[in-house]
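Enquirer: how does the following fold in three dimensions:
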Amino acid sequence: MPILNRKPRTEPEIPTASMSDISFLLLLFFLVTTTIDIDTGIGLTLPEYIPPEEQKTVEISKERMAALLINENGDVLLDGAVIAIPQIKNNLKPRIESKIELPSNKKLIVSVKTDRKTFYNKYIQTLDQVKLSYFEVRDEYSLAKYGKKYNELNVDDQSVVRDKVPIIISIAEPEKIGT
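Expert: Numbers count the residues shown, from 1 in each chain. Next up, the predicted model:
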């Protein structure tokens, strides 16, 4: 019998020439269609800059101040006494309400000061409680005077409420400890 010359069989291949093009298009598609969360930061209105030579020191009475200190251990102190973060609102509200009818230079000032090693989360929670106390007092004042919540008032009435219940928060810079 004659021996037939058979060609060795080649394995079938999947064409990969355009594989990189397809993967690039998929990557581009997912990059374009994916939304990315953008942290907008803390919404605070910063005071205008006053050069040091034009700055004045004003003496403030202790009954006008509510001093919040957050130490490096995460303890929150209100006027030197340790307080839980959820209790801040309930302690500040009566103090804010007691100053509603006073002139604007006699309103309550809440001073928030942190240690350099304070966790950012504790600082934000504390600041949220302070703002919440002001917002609740504004709502209660609006309901008593106008029968509506603050956000439901027109611009002129909101301005009146803001004058009666201004949000005055002093954010003190952390002190340097050591060198």
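Enquirer: find the nearest non-adjacent residue to residue 109, please.
Expert: In space, residue 109 comes closest to residue 168 once its chain neighbours are excluded; the distance is 4.8 Å by CB to CB, 6 or more residues apart in numbering. All C-beta atoms are positioned from the backbone trio N, CA, C, and that covers glycine.
Enquirer: out of the helices and strands in this structure, which is least certain?
Expert: Lowest mean confidence among the helices and strands of the chain (mean pLDDT, DSSP states H and E): strand 169-172, at a mean of 84.
Enquirer: could you name the helices and strands sitting against that strand?
Expert: Other helices and strands packing on strand 169-172, by 3 or more CB pairs under 8 Å, 6 or more residues apart in numbering; DSSP states H and E, are strand 109-114, helix 120-146.
Enquirer: now those as JSON lines including mean pLDDT, distance to residue 56 and mean neighbour count?
Expert: Putting those into JSON lines (pLDDT from 0 to 100; distance: least, CB to CB, whole Å; neighbours: other CB atoms under 10 Å) gives the following:
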{"stretch": "strand 109-114", "mean pLDDT": "89", "distance to residue 56": "16", "mean neighbour count": "19"}
{"stretch": "helix 120-146", "mean pLDDT": "91", "distance to residue 56": "25", "mean neighbour count": "17"}
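Enquirer: and of these, who's closest to residue 8?
Expert: When these are ranked by proximity to residue 8, the top entry is helix 120-146, at 68.5 Å, counting by CB to CB.
Enquirer: quick one: the closest one to strand 109-114, angle?
Expert: Interaxial angle of helix 120-146 relative to strand 109-114 (axes from the mean of the first three to the mean of the last three CA atoms, to 10 degrees): 170 degrees.
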